[in-house]
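[1] After the sequence you'll find the predicted model.
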Amino acid sequence: MITNRTFTMIKPDAVDNGYIGAILNDIISAGFKIVAMKYTHLTAETAGAFYEVHKERPFYADLVRFMSSGSIVAAILEKDNAVEDFRKLIGATDPSKADAGTIRNKFAKSIEANAVHGSDSDENAAIEGNFFFSALERY
Ligand code: RTP
Ligand code: MG
């Protein structure tokens with residue numbers, strides 16, 4: 001398994017607010033290389049499948065509704081220690097608790113509409129990247 005990769009989405013709130021360019025700039029400036037990227041959208045069905053791990057959580061239905069409410073940008077990113085470094089770059093799930101300068105601190109509005117997703121393990125980074133990109137696209 002390739003362990004220097006992570007997976008991200010720019011979520012519908014950030015796309016709608018016009019932050020794609022600024023967020024990509026922060027990601028690239030932090031030393032991440034974009035391996036694969038697409039502008040697309042999730043349906044309720046595909047968002048439900050992507051977030052299947054959260055199926056039992058109280059926020060699951062709202063999360064699926066939100067994530068299928070608009071366009072997203074999905075990307076595979078590469079850097080040494082990618083998963084951990086990217087989670088540091090985006091900050092805490094709740095933007096009111098995210099450190100100054102983090103992407104969620106700068107661009108997120110609420111615990112749900114929190115601008116970006118970042119994989120939480122190498123294993124999930126691979127699963128999530130495979131969800132959006134074919135083997136050819138993520139070479
Ligand atoms: P992500 O997976 O998006 O990178 O976020 P995370 O690891 O920081 O947070 P996680 O616990 O995996 O939750 C996934 C997403 O669900 C929404 N959420 N809503 N209403 C709530 O209390 C609540 N808690 C989480 C957020 O969009 C969160 O990013
Ligand atoms: Mg998560």
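    Right, received. Where do you want to start? Numbering: from 1, shown residues only. Ligands and ions are numbered 1, 2, ... in the order given.
[2] Can you tell me the SS state at the nearest residue to Ala75 once chain neighbours are set aside?
    Ranked by Cβ to Cβ, 6 or more residues apart in numbering and with sequence neighbours excluded, the top spatial neighbour of Ala75 is Met37, at 4.1 Å. C-beta here means a position set from N, CA and C on the backbone, and glycine is covered the same way. Of the three states, Met37 takes strand according to DSSP: H, G, I helix; E, B strand; the rest coil.
[3] residues in the protein within reach of ligand 1, list them.
    The interface of the chain toward ligand 1, taken as Cβ under 6 Å from any ligand atom, is made up of 54, 59, 63, 93, 111-112, 114, 117-118, 120.
[4] I'd like to know which of the residues you listed are part of strands.
    In strands, defined here by DSSP state E, the members of those are 117-118.
[5] Return a PyMOL selection command for the buried portion of the residues of the chain next to ligand 1.
    In PyMOL, the members of the residues of the chain next to ligand 1 classed as buried (16 or more other Cβ atoms under 10 Å) are selected with the following command:
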select buried, resi 63+112+114+117+118
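[6] how close does the residue nearest to Lys109 when sequence neighbours are not counted sit to Arg138?
    Of all residues not flanking Lys109 in the chain, Asp13 sits nearest, at 6.1 Å (Cβ to Cβ, 6+ apart). Separation of Asp13 from Arg138 (Cβ to Cβ, to the nearest Å) stands at 26 Å.
[7] repeat for Met67
    Distance from Met67 to Arg138, by Cβ to Cβ: 21 Å.
[8] Ser121 now?
    The value you get for Ser121 to Arg138, if Cβ to Cβ is used, is 17 Å.
[9] Neighbour count for Asp13 and Arg138, which is higher?
    Set side by side, Asp13 and Arg138 give different neighbour counts by other Cβ atoms under 10 Å, the larger being at Asp13 (20 against 16).
[10] any idea which helix or strand carries the more buried one?
    When elements are assigned from DSSP states H and E, Asp13 belongs to helix 12-16.
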